[in-house]
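**Student:** The sequence and its predicted three-dimensional model are supplied below.
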Amino acid sequence: MLNLSDSFESDIESDIDLRVRMININFGHNKELLNNCKPLRDYAKFIYDVRRINKDVNDIRASIDIAFNEMDKDSVLKNFLLKNKAEVMNMCITEYDEAKHLQTMKDEFEIILERLRAEKDEELQKTKNSYDEELHREKVNVALKALKSDCSEELILTLIDNNKAILEEAKHIIDNE
């Protein structure tokens, strides 16, 4: 089942939605449906024949002509297709290409995945920066308390991971108090 709302990015729940059941009408599938609808069965057989012939001929226009010629004379669809041959040719030439569709879906998925990775990396970097800033402030506070308690610089440097810039920052704060 497919929901129309799944085609749109939104956090808002809609009041109405359309659910569609996709049915495979390719020849050889859903036989009960095709047996109960002769025009649909004839169409599915015609498309099947065009694809089958095109595998050997590798010329879509020639394949369509051959498939037309192979259609049963009593086919409900044959006269309609012959009357609309130009549209039928165009439809068959531009028919749904599953491999192309899947590749497009894969490419779109990769783009979304890359965007999500970038957002995650950005969020991680923000968190790391915030953590680093907090750690820096804590080390300055430790150095300030240690300086005010007359601890040796050697001990203070040990407490603040031998970061002389933090020690100098703490000394500067004390000098300006």
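**Tutor:** In hand now; what should we look at?

**Student:** From here on, just use CA atoms for contacts and neighbour counts.
**Tutor:** Noted.

**Student:** Show the end-to-end separation of stretch 32-43, please.
**Tutor:** Start-to-end span of stretch 32-43 (Cα to Cα, to the nearest Å) is 15 Å.

**Student:** and that stretch, which residues are buried?
**Tutor:** Within stretch 32-43, the residues scored as buried using 16 or more other Cα atoms under 10 Å are 34, 40-43.

**Student:** can you tell me the average pLDDT over it?
**Tutor:** Stretch 32-43 carries an average pLDDT of 90.

**Student:** Just give me how far it sits from the chain centre.
**Tutor:** 35 Å (Cα atoms, centre = their mean, to the nearest Å).

**Student:** How about residues contacting that stretch?
**Tutor:** 25, 27, 75-77 (Cα atoms under 8 Å, 6 or more residues apart in numbering).

**Student:** any idea of the pLDDT on Leu77?
**Tutor:** With respect to pLDDT, Leu77 scores 85.

**Student:** any idea whether it is helix, strand or coil?
**Tutor:** Recorded secondary structure, Leu77: helix (DSSP: H, G, I helix; E, B strand; the rest coil).

**Student:** Excluding covalently adjacent residues, which one is nearest to it?
**Tutor:** On the basis of Cα to Cα, 6 or more residues apart in numbering, the spatially nearest residue to Leu77 that is not a chain neighbour turns out to be Pro39, at 5.7 Å.

**Student:** Now that neighbour: which helix or strand?
**Tutor:** Using DSSP states H and E, Pro39 sits in helix 38-57.

**Student:** So for the next helix or strand after that helix, mean pLDDT?
**Tutor:** Using DSSP H and E, the next helix or strand after helix 38-57 towards the C-terminus is helix 60-70. Helix 60-70 shows a mean pLDDT of 89.

**Student:** Check stretch 108-126 too.
**Tutor:** In the prediction, stretch 108-126 has an average pLDDT of 89.

**Student:** for the most far-flung residue of the chain relative to its centre, helix, strand, or coil?
**Tutor:** Here the chain reaches farthest from its C-alpha mean at Asp150, the gap being 60.8 Å by Cα atoms, centre = their mean. Per three-state DSSP, the secondary structure class of Asp150 is coil.

**Student:** give me phi/psi at it?
**Tutor:** Asp150 adopts backbone torsions of phi 60, psi 40, taken as degrees, to the nearest 10.

**Student:** Return the distance of it relative to Phe46.
**Tutor:** Taking Cα to Cα, one finds Asp150 at 94 Å from Phe46.
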